[in-house]
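Asker: what shape does this take:
(2 chains)
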Amino acid sequence: MSRQIWDIPGGIHPAQNKIQSLQTEITRADIPAELVIPTQQHIGAPAKPCVEVGDKVLKGQVIAEGNGFVSLPVHAPTSGEVIAIESRPIQHPSQIDGVCIVLKPDSNDTWGARHPIDNYQSLERNDVIDAIRNAGIAGMGGAGFPSAIKLGIKPGTKIEQLILNSVECEPYITADDKLIQERADEIIAGLEIMQWLVNPQETLIGIEDNKPDAIAAFKKATANNNIEVVVVPTKYPSGGEKQLIYMLTGKEVSSGGLPSDVGVICQNTGTAYAINRAIHHGEPLVSRITTVTGDAVKHKGNYEVLLGTPVDALLAQAGADMSAASRLIMGGPMMGFSIHDASVPVVKVTNCLLAPTTEEIPVPAQEQACIRCGSCAQVCPAGLLPQQLYWFSKSNELEKAEHFNLADCIECGACSFVCPSNIPLVQYFRFGKGQIRKHKSETIKADHARERFEFRQARLEKEEREKEQKRKARAEAAAKKQAAKKAAALANPPSDASGSPTTPGTDDVADTASNATKLKSAWASATKRWKDAEKALTIAEKNGSDQLEAFQKKVDQLKAKAEKTKALYEDAKTSAASTSPSSPSASPSPAVAPVSNDPMVQLKQASADNFKAWKDAQKKTQEAEANSADNLEALREEEATLKAKSDASKAAMKEARAKEKEAMQAKKATEDPTKQLKLDAAIARTKAKKALKALNSLDDDHASHAALKAAYEKALATADNADAALKAAEEA
Amino acid sequence: MSVLHVTSPHVRKPMTTNAVMRHVIYGTIPGLAVLTLLFGWGTLINVVFGSLVAVAAEALVLRLRNRPILFSIKDGSAILTAVLLALAIPPTSPWWITVVGILFAIVIAKQLYGGLGSNPFNPAMIGYVLLLISFPLEMTTWIPANLTEGVAASPSFSQSLALIFGSVDRTVIDGITMATPLDTFKTYAGNDLDMLRSASVLQGSIAGVGWEWVNIAFLVGGLYLVARKIITWHIPVAMVTSLFLLAGLFYIIDPDSYADPIFHVLGGGTMLGAFFIATDPVTAATSNKGKLIYGALIGLLIYVIRAWGGYPDAVAFAVLLLNLCAPTIEYYTQPRAYGHKKANSGIAKS
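Answerer: Residues are numbered from 1 along each chain as shown, chains lettered A, B, ... in the order given. Here you go, the predicted model:
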């Protein structure tokens, strides 16, 4: 039976160059002197190391645990000793470092405990998926997405097709091809486990027609089951997941969606093999097949490499002459990235190491002008217009680039491959995508900042409004009072006559004084607004808002305003000060009540000032003490003087207060003796009550008890006396 | 090991822009050969002379613009412009016609817009239209093909040189030139059928004496370009088809006033325009659907101008007018991207 193959648009036919690495069987790579095992070999969160430096580990032992849902554990590829857990260069296109566990193999390669699952059908599906997760299996085609997540479909999702991706369309790479040729049965066994897990309507194997031996091996291995081998024409990039799904099913995974949305699950050949090893043999993912090829390599071929093997160790075993290589590529020539540091390790996704000579892959020619030939659009497998995307990415017109579906670019490199002007289109697209990502996250940040700012602004405005209303209400009340007073004054000619020479003066003073207060509050609020704006500016600066200039302007305005009001206030204050002494002190206007004329207030002020001076001095001394300053002695002296001064003024004030009180009492007594007496009696009674209370609360303590009792009795007597005096007075 | 950091892809198809230009120049060889056979050495002399002028002009402007000179000269785009312009102008055109046309094409239409890849209009056609408008007499009179009745032979090499570079009396040229078949048809069709039938340039041929061979030669060269995947079939097929259909329609309505579709398709500059001018990638639409629309509209305009306009041939005008429309066509003919229900159109999301 023949199955319909849907043709993908575009595509290219680069030189295959696969034959070079197909000449030998899979070779087991030597255990290197040191294994560098990155904690991140998959998409998702890096694993958390769970061994210590110095620990002895066995092959297959977990050395780093999965850290979250999208994460995987990492296992010891061989037995040995952990000699370091540190940052090392890893397999990253941007040449960055990552946390690695460095293992010194003991060359015994002793396996730890393995737990094969003999009859997985008898288990729960989730248990098998957990076993796959615990084996650290990531998609081995290149992306490295945790396979367990792909297989853990939502309940109720109907999977129509399970597809095994054996296309391997990248030139040079033969890792899957060779694995199929030698171990097809094991791959099929892995595929059957997946089949059982997702229960698809049909299971397909997609493979390019340039691998006749692998196709034969698969045909043989699938003779007795319901797995169908579908041979597709050789064309790059038909091995792309979305491309293969379309070719085999005619279904398109919607932009931004997942294959399971259209009822398809696609897994890589190496992944199926790894799943088989994990379930049937209990072996976690500790090695993989890597193609080592390129004309600079003497023994081209496929190697079964322990994860963490440094690239240079592998290249050395393969007899690579790196002085002849034009570059070193991890992955294939179409999508792989060049690495500079050959000490980076082989990881779960490393399907190829390519060391081509300069003749083989020369230094790229200089970029020429785009002649808009449109070859790129002819070969784009995603149906995009690379040329337009190039213009938009180059000129940073991100919106247009997004509109032209830059996000759907799979970075296969077909457009750059055909470009006659040598334009590195894919690089422009990566840049454009990065810019869009950056722009989006910045937009989100700026939105947050703006929201916060606007909310704050609204709150401040509301407060300002409320204040304003209160001020108005007060002003109105004051105006009414003033009017009433004026009316009263008009109605009362004698006071008018006596006050007429002074009134204008006092009014003036009152005006300037209230003006000054107003100005002061205006100044305060202006300053506050200025400070707020400044704060907002700092926030904006931090978040890189593009409205910085507007903010800055506003801050400057507010600052100017604040300074202006301050100046106005200062003016008003001085004018108020100059008017108040000139006004006759005899004038009994309560509004003015010149502060300086009341001795009591003066004393109080002096006392407060002196106290403050002392406190300041004390603080200074303490600071000096803390800093062990030289002038400590002088400061201490000064402090003492100030304290004395403060105490003196306090005493003076107390005296004055007492005198005042006396005078007041005397005055009051003369005014209304009964009232005074009544008050005295009430005070005495309260005192007695207090004493009783204290007495009751302190029953146990005998000494104080006696004293308190005496005090109580005395208070009671005083109260009685006062009562008697009051009565006498009343009678009188 | 080198520390060269290059990003994927690491391999490239060995086709370069320089090779593209070179192949297009190769593609004009059959047409150039037939023109030389039928009309004498004039066109070949113009091609060589024009190329020299073009390279000099390009180098001069690149120098003024402070751009690498050799790097850009090597791409061959200036020579291609010169070749196309020289193929379009009459073989007897004096040298200054070529110089004016080339200078305008290279300096104004190409380099002042930013050089290769940045020009909105086809430089060769800009040069051609400038000449056609400025020197209509020189640009519309061709010597008849040597197959024409009463014409003994085309000018010899020395005669051609003298016609182009010598200070030849204009009357000498007028004596040996004739209106082109298209021009003749335009003049007599619909009003003087006898003259039309007796015109020597139309005798015994299907698209004017010699011109069908010129067009067939350009067609052959064009097919070479399609086979080499230098151009795609979309623009030529769309253009020729629309011209053919429109001409056919009007021929059926009134065969006395309108020429038959074969005459249009194999007459004048149709094939040169279809395969070499309209397909200039810089100024044409790029998506396949866009190319079809672009080509069809050029065919339509060619017919409209030939049938009812003031000029006998119209390839240059039609191409330039559609150059104007190419960006807009592009925006509305985007292909549907994988995973999207329908294609985007327009410039930005509404």
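Asker: every contact and neighbour count from this point should use C-alpha atoms.
Answerer: Fine.
Asker: and the most centrally placed residue in chain A, what element?
Answerer: Closest to where the C-alpha atoms of chain A average out (CA atoms, centre = their mean) is A:Lys445, at 10.4 Å. When secondary structure is defined using DSSP states H and E, the element that contains A:Lys445 is helix A:425-491.
Asker: against B:Pro68, how distant is A:Ile5?
Answerer: From A:Ile5 over to B:Pro68 the distance is 49 Å, taken as CA to CA, to the nearest Å.
Asker: compare neighbour counts for these two and give me the winner.
Answerer: Looking at A:Ile5 and B:Pro68 with other CA atoms under 10 Å in any protein chain shown, you find the greater number of neighbours at A:Ile5, namely 16 against 11.
Asker: ok, that one touching A:Lys251?
Answerer: No - A:Ile5 lies out of contact with A:Lys251 (CA atoms under 8 Å); the separation is 11.3 Å.
Asker: would the helix holding A:Lys445 count as contacting chain B?
Answerer: Yes - among the residues of helix A:425-491, A:426-427 lie within reach of chain B under CA under 8 Å from any CA of the partner chain.
Asker: report all helices and strands that that helix contacts.
Answerer: Judged by 3 or more CA pairs under 8 Å, 6 or more residues apart in numbering or on different chains; DSSP states H and E, the packing partners of helix A:425-491 are helix A:386-394, helix A:398-403, helix A:414-418, helix A:493-499, helix A:503-543.
Asker: between those, which has the poorest mean confidence score?
Answerer: Least confidently modelled of those is helix A:493-499, at a mean of 47 by mean pLDDT.
Asker: how many residues are close by B:Phe157?
Answerer: Around B:Phe157 sit 14 other residues, with neighbours defined as other CA under 10 Å.
Asker: got a list of what it touches?
Answerer: B:40-42 (CA atoms under 8 Å, 6 or more residues apart in numbering or on different chains).
Asker: so what's it scoring on pLDDT?
Answerer: In this model, B:Phe157 is scored at 82, pLDDT.
Asker: ditto for the one 4 residues further on
Answerer: Reported pLDDT at B:Leu161 in the predicted model: 84.
Asker: in this structure it contacts B:Leu44, no?
Answerer: No - in this structure, B:Leu161 sits apart from B:Leu44 without contact. The criterion is CA under 8 Å, and the distance is 10.5 Å.
Asker: once you drop chain neighbours, what's closest to B:Leu85?
Answerer: Among residues not flanking B:Leu85 along the chain, B:Ala124 sits closest, at 5.1 Å (CA to CA, 6 or more residues apart in numbering or on different chains).
Asker: can you tell me the SS state at that neighbour?
Answerer: Using DSSP: H, G, I helix; E, B strand; the rest coil, the three-state assignment for B:Ala124 comes out as helix.
Asker: that one: neighbouring residues, count only.
Answerer: The tally of other residues near B:Ala124 (other CA under 10 Å) stands at 27.
Asker: which positions in the stretch 201-350 of chain A make contact with chain B?
Answerer: Contact residues, the stretch 201-350 of chain A versus chain B (CA under 8 Å from any CA): A:252-255, A:322-328, A:333-340.
Asker: show me those that map onto strands.
Answerer: Using DSSP state E, A:337-338 are the members of those that sit in strands.
Asker: now the residues of the stretch 201-350 of chain A next to chain B: which count as buried?
Answerer: Of the members of those, the ones counted as buried by neighbours, 16 or more other CA atoms under 10 Å in any protein chain shown, are A:252-254, A:322, A:324-328, A:333-340.
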